[in-house]
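# turn this into a model:
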Amino acid sequence: MANPPVTPIRQQYLDIKRQYPDAILFFRLGDFYETFDADAHLVAEHLDIVLTSRNVAKGQRIPMAGVPHHAAEGYIARLIAEGFKVAICEQVGDTPAGGLMPRQVVRVVTPGTVLEAGMLPDKRNNYLLAIAIHGEAVGVAYIDVSTGGLHTTQFVDRDGQSLIRELDRLAPAEIIISDLGDPCYEQGQAHTATAQKRYPQLAGISAAITLYDGWRFEYGNARQALLNQFHVHTLAGYGCEDLPQATCAAGVLVQYLTEHASSALSQLDALSTYSTESFMALDVATRRNLELVESLRDRTLQGSLLWVLDQTLTPMGGRLLRQRIQQPLLDRPSLERRLAAVEACFRCARPCTGWGIWRGSPTAWLRALPHPEICWVCVEPWSALLWQERG
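Predicted structure coming up:
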């Protein structure tokens, strides 16, 4: 028996939902974002809101659950915290087409593509990370879309522990890995569980894991995505031309952001290639026992080394301090340059006279600066001079 014809708006919803099978579709209707079918059941369960229904055809009603558009950010944050993706579908244009207002997905919010300040942790990076594996060669690339900066590396992982150490250090919000040609349309924690079954080495990872189109991990596709993003003909200047897995991982991130958070690509104009051998390798157990960024007792910040040291005034400073604690340098010149920069903060007399900043507490400088990033403009020339003095 043929299914009864559905309303035009129902058909519009189905057409859009078909494009985002692994995301909860927030479909804008008036002052609400509505969800339907299985999405409605998930939203009602995880957000503790009322599940209702809507008539879409003669004698046919479907589950429905909605949230006010002005309060959507808080609801989306709760879904993201549980590993779900949310596709936000808005009405576009003011002219109806065939009696129906046109709608399209304007953004897909995932755990690693959050841009809203209210949904981000205050003093830690919200990393989106991609993994490319070929035999024992592993490529890892990561980016914080709220601050920019794409980083990539490649290493040999014979025992499976090198990758785990790097993931533990970075603590990403979301990991992207190949679906090996077998798409997964489950949502939230169920999607992550499927990914962990396919990649048992990731079983102990707490981040949301996304199985992404396998063809996007092919070297040619990934490399071309990077060339297009940076408007170059070679990646030699970025240090990864001869690192195929590092290139694949970085290229996958660019492709993923193009699909889910294209606005983040506008500030992405640089790629840095690093080596895991340039800093001290600490295994998971050692990091835990040293209580670098969380305590052993309850896995919270209080009682950790970071908790003791963190006197930063800005989120940017807090993120930098966390990075440096978790990535101890092994290169002496790099260590000396870092110390010179710190010393410069205490030796320069009037680094920014235009703002009336005089000798005194560095915290006073930070409070007076119009933007914390400008602080480095003041410090860098002095640290360079100190570095020359130490010769």
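# please give the element, helix or strand, for residue 152.
strand 150-156 (DSSP states H and E).
# pLDDT weak spots in the stretch 51-200 of the chain?
For the stretch 51-200 of the chain, residues meeting the criterion pLDDT under 70 lie at 57-58.
# still on that earlier bit, quick one: the helix or strand just after the strand holding residue 152 to strand 150-156, angle?
As assigned by DSSP H and E, the chain's next helix or strand after strand 150-156 is helix 161-170. Going by axes from the mean of the first three to the mean of the last three C-alpha atoms, to 10 degrees, helix 161-170 is angled at 150 degrees with respect to strand 150-156.
# list the buried residues in helix 161-170.
162, 163, 164, 165, 166, 167, 168, 169, 170 (16 or more other C-beta atoms under 10 Å). Any C-beta I mention is one placed from the backbone N, CA and C, and that applies to glycine too.
# I'd like to know which elements the helix or strand just after it is packed against.
In the C-terminal direction, the helix or strand that comes right after helix 161-170 (DSSP H and E) is strand 174-178. Judged by 3 or more C-beta pairs under 8 Å, 6 or more residues apart in numbering; DSSP states H and E, the packing partners of strand 174-178 are strand 127-134, strand 208-212, helix 244-260.
# mind running it again at 7 Å?
If contacts are counted by 3 or more C-beta pairs under 7 Å, 6 or more residues apart in numbering; DSSP states H and E, strand 174-178 sits against strand 127-134, strand 208-212.
# would you list the ones you listed in CSV and tack on mean neighbour count?
Shown next, in CSV, are those (neighbours: other C-beta atoms under 10 Å):
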stretch, mean neighbour count
strand 127-134, 24
strand 208-212, 24
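# which of the ones you listed sits closest to residue 63?
strand 208-212 (24.8 Å; C-beta to C-beta).
# which residues touch the closest one?
For strand 208-212, the external contacting residues (C-beta atoms under 7 Å, 6 or more residues apart in numbering) are 83, 110-111, 173-179, 184, 191-192, 195-196, 202, 252, 256.
# quick revisit: for residue 286, which of the helices and strands packed on strand 174-178 is the nearest?
Comparing these by C-beta to C-beta, strand 127-134 comes nearest, at 20.9 Å.
# okay, now the sheet partners of that closest one, with direction.
strand 137-144 (antiparallel), strand 174-178 (parallel) (DSSP bridges).
# and stretch 195-210, what's buried?
Buried, per 16+ other C-beta under 10 Å, within stretch 195-210: 195, 199, 202, 205, 207, 208, 209, 210.
# hang on, the earlier thing: which of the contacts of strand 208-212 count as buried?
Buried subset of the contacts of strand 208-212 (neighbour count, 16+ other C-beta under 10 Å): 83, 110-111, 173-179, 184, 191-192, 195, 202, 252, 256.
# what's the angle between the host helix or strand of residue 73 and strand 174-178?
Following DSSP H and E, one finds residue 73 within helix 72-81. Counting by the same axes, to 10 degrees, helix 72-81 lies at 60 degrees to strand 174-178.
# strands of the chain, start to end?
For the chain, the strands defined by DSSP state E cover 24-29, 32-36, 52-57, 60-68, 86-91, 103-109, 127-134, 137-144, 150-156, 174-178, 208-212, 271-273.
# format these as TSV; extra columns: distance to residue 121.
Output for the strands of the chain, formatted as TSV (distance: least, C-beta to C-beta, whole Å):
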stretch	distance to residue 121
strand 24-29	22
strand 32-36	24
strand 52-57	34
strand 60-68	23
strand 86-91	18
strand 103-109	15
strand 127-134	11
strand 137-144	10
strand 150-156	19
strand 174-178	14
strand 208-212	15
strand 271-273	23
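# and of those, who's closest to residue 248?
Across these, closest to residue 248 is strand 127-134 (C-beta to C-beta), at 3.7 Å.
# what distance separates that closest one from the centre of its chain?
Remark: strand 127-134 is offset 12 Å from the chain centroid, using C-alpha atoms, centre = their mean, to the nearest Å.
# what sits up against that strand?
112-113, 138-145, 170, 172-177, 217, 245, 248-249, 252-253.
# domain map for the chain?
8-109, 121-278, 337-391 (automatic domain parsing).
# most tightly packed of the ones you listed?
The highest mean neighbour count among the domains of the chain, using mean count of other C-beta atoms under 10 Å, belongs to domain 121-278: a mean of 18.
# and that one, how far apart are its ends?
In domain 121-278, first residue to last residue: 28 Å (C-alpha to C-alpha, to the nearest Å).
# picking up where we left off before, take the domains of the chain and write them to JSON lines, including distance to residue 328.
Formatted as JSON lines, these follow (distance: least, C-beta to C-beta, whole Å):
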{"stretch": "domain 8-109", "distance to residue 328": "30"}
{"stretch": "domain 121-278", "distance to residue 328": "10"}
{"stretch": "domain 337-391", "distance to residue 328": "11"}
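# residue 291: which of those domains is closest?
Using C-beta to C-beta, the nearest of these to residue 291 is domain 121-278, at 13.9 Å.
# what about the stretch 201-350 of the chain, any weak spots by pLDDT?
346, 348-350.
# all helices of it, in order?
Taking DSSP state H, counting those that start in this stretch, the helices of the stretch 201-350 of the chain run over residues 219-230, 244-260, 284-290, 305-309, 315-326, 332-347.
# check contacts around residue 120.
Residue 120 makes contact with 114, 126, 146, according to C-beta under 7 Å, 6+ apart.
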